[in-house]
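Asker: Curious how this folds, go ahead:
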Amino acid sequence: MIYIKGTVEYGTQEASKLGFPTLNIHCSINIFTTGIFYGITKINENIYNSVIYIGNNRTNNNITYQCIESHLIDITNVNYYNNQCEIQIIYKIRDNHDFIDINNLKQEIQNDIQKCKNISLQRTINKDFTL
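Answerer: Sure thing, here's the model as predicted:
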């Protein structure tokens, strides 16, 4: 398993515009994997099942940086900016790939969420996990 600890920061809001808000995590270490994962996110003593994206984004200056985003499954309207966050990555769902059509992207995200829900039903969440 992979453990990540970092601070929730403001992102581009692109996932929120699609209907899938995420916590953007600033992590000081490079995670040597990419993809879409099922995991658990702990923030302010709350623990959530999550779909986690680890990949590369580009700044307006065309500089590539590693991005870690956690979508809290079935959770909306939360504001955790500038809070510490812990993520436990449990299972890889799929590799990252580009989408030409926005509707295909939305459908794939829905599929990822459903896969993660199915995984979470098959396991018991340890509410005392630490990094």
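Asker: Which of the helices or strands spans residue 109?
Answerer: Residue 109 belongs to helix 102-121 when assigned by DSSP states H and E.
Asker: Buried residues of that helix, list them for me.
Answerer: 109, 112, 113, 115, 116, 120 (16 or more other C-beta atoms under 10 Å). Just so you know, the C-beta spots here come from the backbone N, C-alpha and C atoms, and that holds for glycine as well.
Asker: Kindly report the same for stretch 11-21.
Answerer: Across stretch 11-21, burial judged by 16+ other C-beta under 10 Å covers 11, 15, 20, 21.
Asker: List the strands paired with the longest strand along the chain, with their directions.
Answerer: Secondary structure of the chain per DSSP state E: the longest strand is strand 46-58. Within its sheet, strand 46-58 is paired with strand 35-43 (antiparallel), strand 64-72 (antiparallel), according to DSSP bridges.
Asker: Mean neighbour count added to these, as TSV?
Answerer: Output for the strands paired with strand 46-58, formatted as TSV (neighbours: other C-beta atoms under 10 Å):
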stretch	mean neighbour count
strand 35-43	22
strand 64-72	18
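Asker: could I get the ones you listed as JSON lines with mean pLDDT and distance to residue 7?
Answerer: JSON lines is the format used below for the strands paired with strand 46-58 (pLDDT from 0 to 100; distance: least, C-beta to C-beta, whole Å):
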{"stretch": "strand 35-43", "mean pLDDT": "95", "distance to residue 7": "10"}
{"stretch": "strand 64-72", "mean pLDDT": "86", "distance to residue 7": "11"}
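Asker: Using JSON lines, lay out those together with distance to residue 86.
Answerer: Output for the strands paired with strand 46-58, formatted as JSON lines (distance: least, C-beta to C-beta, whole Å):
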{"stretch": "strand 35-43", "distance to residue 86": "4"}
{"stretch": "strand 64-72", "distance to residue 86": "10"}
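Asker: out of those, nearest to residue 51?
Answerer: strand 64-72 (4.5 Å; C-beta to C-beta).
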